[in-house]
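[1] Pasting the sequence and the predicted model now:
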Amino acid sequence: MTGGELADGRVWLAWPDRAVFHTGDPPVRLMGLLGRTVRLVDLADETCDERLLTDREWERVPLAAVLDPRGAMVQFSVAAEGASAIVLLPREPGGVDRVTLVLGDDGLPASVTIRDPQGAVNRLDFRGWRRSTEPPRGAWLPPPPKGVECVTDPGPLE
């Protein structure tokens, strides 16, 4: 295996710690983030899972450094890499080895690359940023499929 999963979708972000990701067209998988609560909804499988993220898990959330810059300064050493990239290196071993945030010409994130301690790399590319007044259906945590209860998992993902 030389490549991972490739998924297209849409992202809504709001500072300091709110995000919604929709993948597929029409959307099939939804991920919402409100504070440290994350909800994963799979419309095809009709599932809904929710959990409260630990600090280590929070490090692994793409764009955590963008959504929580103050928290990033506590957990990461920050260095510039060239004129348009920022590199975050964890102060203590944990969920990631390195996060690289590349800014586009407009000053907004063009890509985020996350490398974990095992060497796996996740990359998210962004384009077409525009302002929105609210997330889809006005909710940061996507609703579960009709007739499905969201399962809350208190255990760590680590």
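    The structure has been received and is ready for your questions. All figures in this text were calculated on a predicted structure; none of them were measured in a lab. Numbers count the residues shown, from 1 in each chain.

[2] Now do the helices in the protein.
    Using DSSP state H, the helices of the chain run over residues 55-59, 64-67, 69-75.

[3] weakest of those helices by average pLDDT?
    When those are ranked by mean pLDDT, helix 64-67 comes last with a mean of 68.

[4] Isn't D153 up against E50?
    Yes. Under the criterion of C-beta atoms under 8 Å, D153 makes contact with E50 at 7.2 Å. All C-beta spots, glycine's among them, are computed from the backbone N, C-alpha and C.

[5] all strands of the protein, in order?
    With DSSP state E as the definition, the chain shows strands at residue ranges 9-14, 18-23, 29-34, 37-42, 47-52, 76-81, 85-90, 98-103, 109-115, 121-125, 151-152.

[6] Where does the prediction get shaky in the protein?
    1-6, 59-67, 69, 154-158 (pLDDT under 70).

[7] Check the gap between G71 and L88 for me.
    Separation of G71 from L88 (C-beta to C-beta, to the nearest Å) stands at 11 Å.

[8] before we move on, back to that, can I get the strands of the chain in CSV including mean neighbour count?
    Output for the strands of the chain, formatted as CSV (neighbours: other C-beta atoms under 10 Å):
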stretch, mean neighbour count
strand 9-14, 16
strand 18-23, 20
strand 29-34, 21
strand 37-42, 19
strand 47-52, 16
strand 76-81, 13
strand 85-90, 18
strand 98-103, 18
strand 109-115, 19
strand 121-125, 14
strand 151-152, 12
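
[9] Which stretch among these approaches R131 most closely?
    Nearest of those to R131, taken as C-beta to C-beta: strand 9-14 at 10.5 Å.

[10] got a list of contacts for that closest one?
    Contact with strand 9-14 is made by 19-25, 27, 29, 63, 66-67, 126, 132, 135-136, 140, as judged by C-beta atoms under 8 Å, 6 or more residues apart in numbering.

[11] so how far is the first residue of stretch 24-39 from its last?
    End-to-end distance for stretch 24-39: 17 Å, by C-alpha to C-alpha, to the nearest Å.

[12] next one: that stretch to chain centre, how far?
    Between the centre of stretch 24-39 and the centre of its chain there are 9 Å (C-alpha atoms, centre = their mean, to the nearest Å).

[13] Also stretch 72-80?
    17 Å.

[14] Please renumber the chain so that the first residue is 208 from this point on.
    Sounds good: first residue 208 from here, last item stretch 279-287.

[15] Need the CA coordinates for that stretch. PDB is fine.
    Extracted as PDB, the C-alpha positions of stretch 279-287 are listed here (Å, rounded to 0.1, in the frame of the first residue of the first chain):
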ATOM      1  CA  ALA A 279      -1.000  24.700  20.200                       C
ATOM      2  CA  MET A 280       1.600  27.000  21.700                       C
ATOM      3  CA  VAL A 281       1.400  25.000  25.000                       C
ATOM      4  CA  GLN A 282       1.700  21.600  23.300                       C
ATOM      5  CA  PHE A 283       4.000  22.400  20.400                       C
ATOM      6  CA  SER A 284       7.200  24.200  19.400                       C
ATOM      7  CA  VAL A 285       6.300  26.400  16.500                       C
ATOM      8  CA  ALA A 286       8.800  27.200  13.700                       C
ATOM      9  CA  ALA A 287       8.500  28.800  10.300                       C
END
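
[16] Lovely, talk soon.
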